[in-house]
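below are the sequence and a predicted model; questions follow.
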Protein chains: 2
Amino acid sequence: MIKVVLVGSGNVAQHLAKVFQTSASIDLIQVVARNPIEMKAIVPETRICTDFQQIADASVYVLAISDNAINEVAQNLPFENRLVVHTSGSAHLNIIGTKNKQGVFYPLQTFSKNKTVNFKSIPICIEAQFEDDFLLLTSLAVAISDKVYPISSLQRRKLHLVAVFVCNFVNHFYHIGASICEENEIPFEILQPLIEETAIKIKSLSPAAAQTGPALRNDTETIAKHLELLQDETFKELYILTTKSIQNVKKL
Amino acid sequence: MIKVVLVGSGNVAQHLAKVFQTSASIDLIQVVARNPIEMKAIVPETRICTDFQQIADASVYVLAISDNAINEVAQNLPFENRLVVHTSGSAHLNIIGTKNKQGVFYPLQTFSKNKTVNFKSIPICIEAQFEDDFLLLTSLAVAISDKVYPISSLQRRKLHLVAVFVCNFVNHFYHIGASICEENEIPFEILQPLIEETAIKIKSLSPAAAQTGPALRNDTETIAKHLELLQDETFKELYILTTKSIQNVKKL
C-alpha cells in the first residue's frame, strides 16, 4: 500500500481524494485542507487535518493546490527529504524546492465539480527528480489510471499550450457556432453529432488527413459567402486567419 | 412504402443507398449513376441505371451529387412536376429549378468512405416548396433518423458556416496541437480524453459557460509564456486573436 497525504480542498483535490480511496493499493492516510467543509463529504473526518504541523508520515505528499501556492506550501512543510509532488500542468518540477524530493503527478483532464470522472481513461503525466520516486509515482498512477506517461517539465509546458488550442480555443469555436445558431433560431444541438464525430475521427486519422472544408478545397466562392454572413468583426478575422492557416499546412 | 430514386454515386449517395435499403418504409427502386462500379456492391445490379432516359417513376428523386451539378441534372430530368430534392448543405432550395417541385434532404454529418455511420443519430434537415412534399420528406427522414429538423435555405447557409467553425476549424486546431506534440515527442493520444470531454461537455453546458483557460482568466503571465513557445507565426497570430475573441465574449 502506498501511503499518501493529499494537500488541498479544491476540484482536483476532491477528485483525487475520491479515486485514491477506491484503490486497493493506495492508503490515503490524511487530507490536509484549510477549507475542509467539502472534503468532509468525501473523506472520514478523522483523516482530515487543518494544521500543517500535524501532517502524517507518508510515502508521497500530493499538493493539489493552485500554481502560485505550490512553492510556499512546499517550503513550509515540517519535514525534509520526502517525496513531494504537485498536480499542475504548467508549474516546473523544481517549484517544489530543494528541501524535499521533487515530483509531478498531473492528471490531464478538465475537472468539473459534481461531475464524476472515470479516472481509468485519464492520462496521468508523471515526472520525478529521482528514479526511485519515479517508480513510486508510476505505481500510484497505474493504481488509478490505465494511461500513464513520463512527461518532462518542458514537455508539460508544451502540453499545456496544446491543451489551450484543443480545449479552450476549440470550445470558443463551439461558442461562435452556438451564437450564430442562436441569432438564426437554429437549435445548436443539431451540430452535436458532427462535433463528436470530428473529435473521434482523429483517433483513427491524423488531424491533417481528416481536414475537410472550403479552406482546404480553396473554394473561394463559399469562403466569400461565409465572410458576407459573418457580422462580428473578430469572428470574421478568425475565419480569415484560420482559413489562411489551413492553406499554409496544405502547401507544406 | 415511399418509392425513392437516388441519383449519384459518391460518398453521400452510397451511404443513403445503404440506409434506404434497411428501412421497411422505403422502397429504393432505382439508383441512377454515371459511375456505378461502387454502387454495385451496395444495390442489386438490376436496380442500377446509367441512362437518365430510363429513370423510373418515384415519389421522390434524391440528387446526392456535387453542388455545381444539381441545377444541370435537375433541368435535364425527363419529367415534370415531381418532387426532386438535393442533399447539399449550401445550395438553395430553388437550385432545383421550376420544372419540378423543389425540396432539400440534407444529412448534417461528415461522411467518410468505408466508415459505417449510425444514421439514427444523424440530423436530417428538410425543406420543401409545398406542404405535402414537406410531409413526405418528413416521413422519409424519420424512417432513417431520430433527428429531423425543418431548416430553411437561409438557416442552412448559416448552419454550413457554423459547421466550418465547429468541424473544419476545430480540426485545424487539433492539427496545431498534433504538430506541437510531434515537435516535442509527446504522444498526441494523450490529449484524446480532453478533446472528447470538451466535445461532450457542451451537451449539458453552453459553450460560453464551459469556457475555461488563461484567456478567460486573463492570465497574462501564462499567455506571454505560450506566445514565447509558439514558433509558427500564423499559429501565434491565431493564439492572440482567439484570446482576444474569448475576452470580447467575457465583456458582454
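That came in fine, so what should we check first?

for A:Val249, what are its contacts?
By C-beta atoms under 8 Å, 6 or more residues apart in numbering or on different chains, the contact set of A:Val249 is A:208, A:211, B:172, B:175. In this view, the C-beta of every residue, glycine as well, is placed from N, C-alpha and C.

go on, A:Lys225?
Taking C-beta under 8 Å, 6+ apart as the test, what A:Lys225 contacts is B:90, B:157.

do A:Lys101 as well
So A:Lys101 contacts A:81-84, A:128-130, A:133 (C-beta under 8 Å, 6+ apart).

cool, A:Val4 as well?
Contacts of A:Val4 (C-beta under 8 Å, 6+ apart): A:20, A:26-29, A:58-62, A:140.

before we move on, back to that, which of the contacts of A:Val249 fall within helices?
The members of the contacts of A:Val249 that map onto helices under DSSP state H are A:208, B:172, B:175.

format these as a markdown table; extra columns: distance to B:Glu197, pLDDT and neighbour count.
As requested, the ones in helices among the contacts of A:Val249 are exported to a markdown table (distance: C-beta to C-beta, whole Å; pLDDT from 0 to 100; neighbours: other C-beta atoms under 10 Å in any protein chain shown):
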| residue | distance to B:Glu197 | pLDDT | neighbour count |
| --- | --- | --- | --- |
| A:Ala208 | 23 | 95 | 17 |
| B:His172 | 20 | 98 | 26 |
| B:His175 | 19 | 98 | 23 |
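
tell me, how many residues neighbour A:Asn71?
A:Asn71 is flanked by 16 other residues according to other C-beta atoms under 10 Å in any protein chain shown.

that one touches A:Thr98, doesn't it?
No - the pair A:Asn71 / A:Thr98 is not scored as a contact, 11.3 Å apart, by C-beta atoms under 8 Å.

ranges for the strands of chain A?
All strands of chain A, identified by DSSP state E, fall at A:2-7, A:26-32, A:48-49, A:60-63, A:83-86, A:101-107, A:124-128, A:148-150.

mind putting those strands into CSV with distance to B:Asn94?
Output for the strands of chain A, formatted as CSV (distance: least, C-beta to C-beta, whole Å):
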stretch, distance to B:Asn94
strand A:2-7, 65
strand A:26-32, 66
strand A:48-49, 69
strand A:60-63, 64
strand A:83-86, 62
strand A:101-107, 54
strand A:124-128, 55
strand A:148-150, 55
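
possible to save these as JSON lines with mean pLDDT?
Below are the strands of chain A laid out as JSON lines (pLDDT from 0 to 100):
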{"stretch": "strand A:2-7", "mean pLDDT": "98"}
{"stretch": "strand A:26-32", "mean pLDDT": "98"}
{"stretch": "strand A:48-49", "mean pLDDT": "96"}
{"stretch": "strand A:60-63", "mean pLDDT": "98"}
{"stretch": "strand A:83-86", "mean pLDDT": "98"}
{"stretch": "strand A:101-107", "mean pLDDT": "97"}
{"stretch": "strand A:124-128", "mean pLDDT": "98"}
{"stretch": "strand A:148-150", "mean pLDDT": "97"}
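
as CSV, the contacts of A:Val249 with distance to A:Lys244 would be great.
CSV is the format used below for the contacts of A:Val249 (distance: C-beta to C-beta, whole Å):
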residue, distance to A:Lys244
A:Ala208, 16
A:Gln211, 14
B:His172, 11
B:His175, 14
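
now A:Met39: how far from chain B?
A:Met39 is 23 Å from chain B, where distance means C-beta to the nearest C-beta, to the nearest Å.

pull out the buried members of the contacts of A:Val4.
Among the contacts of A:Val4, the ones that count as buried by 16 or more other C-beta atoms under 10 Å in any protein chain shown are A:20, A:26, A:28, A:58-62, A:140.

now the two most distant members of those residues.
Greatest spatial distance in the buried ones among the contacts of A:Val4: A:Ile26 and A:Tyr61, 13.6 Å, computed using C-beta to C-beta.

what comes up buried for the biggest helix by length in chain A?
When chain A is parsed with DSSP H, its longest helix is helix A:233-251. Neighbour counts using 16+ other C-beta under 10 Å place A:234-235, A:238-243, A:245-246, A:249 of helix A:233-251 among the buried residues.

cool, stretch A:110-125 as well?
Going by 16+ other C-beta under 10 Å, stretch A:110-125 has these buried residues: A:110-112, A:117, A:119, A:122-125.

what's the span of it, first residue to last?
14 Å (C-alpha to C-alpha, to the nearest Å).

check the residue lying closest to A:Gln247 once chain neighbours are set aside and give its pLDDT.
Closest residue in space to A:Gln247, ignoring its immediate chain neighbours: A:Ala215 at 6.0 Å, by C-beta to C-beta, 6 or more residues apart in numbering or on different chains. pLDDT for A:Ala215: 95.
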